[in-house]
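Engineer: Give me a 3D structure for the following:
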Amino acid sequence: MPESGRNDLTYFIGKPYVILDLDTPPEPSDSYTFSLYNDQLWLLFFSKKGDKLVRQKDTRFVVAVNKSTVWIPGHYFLLFRNGDTVHRFDLQLDEHGTFTQQSVSQCAPLSDEDILSGVLLEHGHWYYLSRTPGLMQWKRWLITRLQERKLNALRAENLHPILAFCNNLLLASPSNDYFSRNVTLLKYLAEIKCEYESADCSKLYDPSKANPYEKLDEVFSNQVNDDNILNMSLPVLEDRLYCFSHIWALLEPGWEFVLKKIISHCPSYYDSVFFCGTQEDIDRLLEREPSLQSYFPQRNRLAVEPYSLEDIILLFFHEVGEARLQFSPEATDAACRLLTQRFEQGTIRQWTLTDVRHYIRGEILPAYKHRAIAAIQHGSTPTEVLEVLPEDLG
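Structural biologist: Have a look, this model is predicted:
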């Protein structure tokens, strides 16, 4: 088992398996699922009844985690869902790739585990959001929102009025990695069902045009307002969610009109808003417009947290797979050592998804192509140059 260069971090490369012992065996007609998470709520594995990866003998299940990747030894938990009943198995993974069951408990309805093994798994997009590092606050907010939605469903079933939600969010991040796909995924997974309009604030004002606010006008062209509601000749429009990124532009000299128009339209009774930017930009926005404070309860102010070393290693090899690259065992070992060394030196502690992708696609991929082509030209066979080697890492 290779070590990564520090005493408290080891890793396992391969396909581990999990042995689970239940009190009673499921009925033959039962339909059940298995979902494996780490402490950062990364969905690492999902399987269901009938998969070849699951073997059962009476009350014992053997689940083969058919995902060959880098595994960091430590705490994980597996959720076994059989209909509406959920059991949580707390597991410990050792450096040899063996999961040991530490405890098992039955989970209550509307618990976090109920959401993680139920409604979230109905959305394929959860896999992608769950595996985006730094989004623990987003995930916690999302779980709470879905618990509230299930509560509303129960209220509706019992002829009680449903409760309102606050969909206004302040999303802080050191970069713009999260303000395209991930914001859309968050809206979808939270089941915010309304028209969606996103805008880059830096493009809402262009003094070179005859109408410098043309883009700004387009954003609010179909907004619901009291006149629209009262005028029965007009079609009734859906409520809207506005997502504004690059909010630093709203705080620039000369942009006062843009900011005033935005906050005069949303948040409102009909429309919600996401403001996306750095924490500094969000703080400045609230200081400039203190009236906004009341629209964003503390629980709706979410920050992207710094990546841990485990986050970076897991994200790195996930993106290696996305780039269609295969690392040799020696290259995998070298990559883990290199990432650990650079993390400890502080050179990659502020890395984002963009930085990881640039390192893989902008440095490793070109180096691999150059070496592989040169090796074939010098007589190597194609099968000898299919893997990334340590020398390609730079």
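
Engineer: ok, now how distant is residue 257 from residue 244?
Structural biologist: 15 Å (CB to CB, to the nearest Å). Placement of C-beta: from N, CA and C, glycine included.

Engineer: swap in residue 86?
Structural biologist: Distance from residue 86 to residue 244, by CB to CB: 38 Å.

Engineer: Please apply the same query to residue 288.
Structural biologist: From residue 288 to residue 244 the distance is 14 Å (CB to CB).

Engineer: Which one's more surrounded, the two?
Structural biologist: Higher neighbour count among residue 288 and residue 244: residue 244, with 23 against 13, using other CB atoms under 10 Å.

Engineer: Check which element follows the host helix or strand of the more buried one along the chain.
Structural biologist: Element membership for residue 244, per DSSP states H and E: strand 240-245. For strand 240-245, the following helix or strand on the C-terminal side (DSSP H and E) is helix 256-265.

Engineer: Let me see the mean pLDDT of that following helix.
Structural biologist: Per-residue pLDDT over helix 256-265 has a mean of 89.

Engineer: which parts of it are buried?
Structural biologist: 258-259, 262-263, 265 (16 or more other CB atoms under 10 Å).

Engineer: For that helix, C-alpha coordinates in PDB please.
Structural biologist: Extracted in PDB, the C-alpha atoms of helix 256-265 (Å, rounded to 0.1, in the frame of the first residue of the first chain):
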ATOM      1  CA  GLU A 256     -25.900  53.100  -9.400                       C
ATOM      2  CA  PHE A 257     -28.900  53.000 -11.800                       C
ATOM      3  CA  VAL A 258     -28.400  49.300 -12.600                       C
ATOM      4  CA  LEU A 259     -28.300  48.400  -8.900                       C
ATOM      5  CA  LYS A 260     -31.400  50.500  -8.100                       C
ATOM      6  CA  LYS A 261     -33.400  48.900 -10.900                       C
ATOM      7  CA  ILE A 262     -32.500  45.400  -9.900                       C
ATOM      8  CA  ILE A 263     -33.500  45.800  -6.300                       C
ATOM      9  CA  SER A 264     -36.600  47.700  -7.300                       C
ATOM     10  CA  HIS A 265     -37.700  44.500  -9.100                       C
END
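
Engineer: Report all helices and strands that it contacts.
Structural biologist: Contacts defined by 3 or more CB pairs under 8 Å, 6 or more residues apart in numbering; DSSP states H and E place helix 256-265 against helix 214-219, strand 240-245.

Engineer: Output the contacting helices and strands for the first one.
Structural biologist: This points to helix 214-219. Where contact means 3+ CB pairs under 8 Å, 6+ apart, helix 214-219 is packed against strand 195-200, helix 256-265.

Engineer: and residue 44, what does it touch?
Structural biologist: 36-38, 65, 67, 76 (CB atoms under 8 Å, 6 or more residues apart in numbering).

Engineer: and it, what are its phi and psi?
Structural biologist: In this entry, residue 44 is assigned phi and psi values of phi -90, psi -20 (degrees, to the nearest 10).

Engineer: got it, and residue 363?
Structural biologist: According to degrees, to the nearest 10, residue 363 has phi -120, psi -60.

Engineer: What of the one 5 residues further on?
Structural biologist: Torsion angles at residue 368 (phi, psi; degrees, to the nearest 10) stand at phi -60, psi -50.

Engineer: Tell me who's in contact with the residue lying closest to it once chain neighbours are set aside.
Structural biologist: Distances taken as CB to CB, 6 or more residues apart in numbering put residue 392 closest to residue 368, at 4.4 Å, once the chain neighbours are dropped. Contacts here follow CB under 8 Å, 6+ apart; on that basis residue 392 touches 331, 364, 367-368, 371.

Engineer: Could you single out the nearest of those residues to residue 316?
Structural biologist: residue 364 (9.9 Å; CB to CB).

Engineer: Which residue is the nearest non-sequential neighbour of the residue most central in space within the chain?
Structural biologist: Here the mean C-alpha position of the chain is nearest to the C-alpha of residue 129 (CA atoms, centre = their mean), at a distance of 2.4 Å. Among residues not flanking residue 129 along the chain, residue 185 sits closest, at 4.6 Å (CB to CB, 6+ apart).

Engineer: The one you found: neighbour count?
Structural biologist: Using other CB under 10 Å: residue 185 sits among 21 other residues.

Engineer: Quick one: residues contacting it.
Structural biologist: 125, 128-129.

Engineer: Repeat the analysis, applying 10 Å as the threshold.
Structural biologist: Residue 185 sits next to 123, 125-126, 128-130, 132, 135, 138, 142, 178 when contact means CB atoms under 10 Å, 6 or more residues apart in numbering.

Engineer: go on, residue 85?
Structural biologist: 26, 30, 32, 106-107, 109, 114.

Engineer: now the helices: where do they sit in the stretch 151-300 of the chain?
Structural biologist: With DSSP state H, counting those that start in this stretch as the criterion, the stretch 151-300 of the chain has helices at 181-189, 214-219, 226-230, 256-265, 279-288.

Engineer: Find the least confident helix or strand in the protein, judged by mean pLDDT.
Structural biologist: strand 3-6 (a mean of 36; mean pLDDT, DSSP states H and E).

Engineer: what residue ranges in the stretch 151-300 of the chain score low on pLDDT?
Structural biologist: 176-178, 222-238, 269 (pLDDT under 70).

Engineer: hmm, back to that, buried subset of the contacts of residue 185?
Structural biologist: Counted by 16+ other CB under 10 Å, the contacts of residue 185 give 126, 129-130, 132, 135, 138, 142, 178 as buried.

Engineer: so what's the nearest residue to residue 385 once chain neighbours are set aside up against?
Structural biologist: Residue nearest to residue 385 in three dimensions, not counting chain neighbours: residue 372, with 4.0 Å by CB to CB, 6+ apart. Taking CB under 10 Å, 6+ apart as the criterion, residue 372 is in contact with 380, 382, 384-389, 392.

Engineer: For my notes, confirm residue 372 occurs in a helix.
Structural biologist: Yes: counting by DSSP: H, G, I helix; E, B strand; the rest coil, residue 372 is located in a helix.
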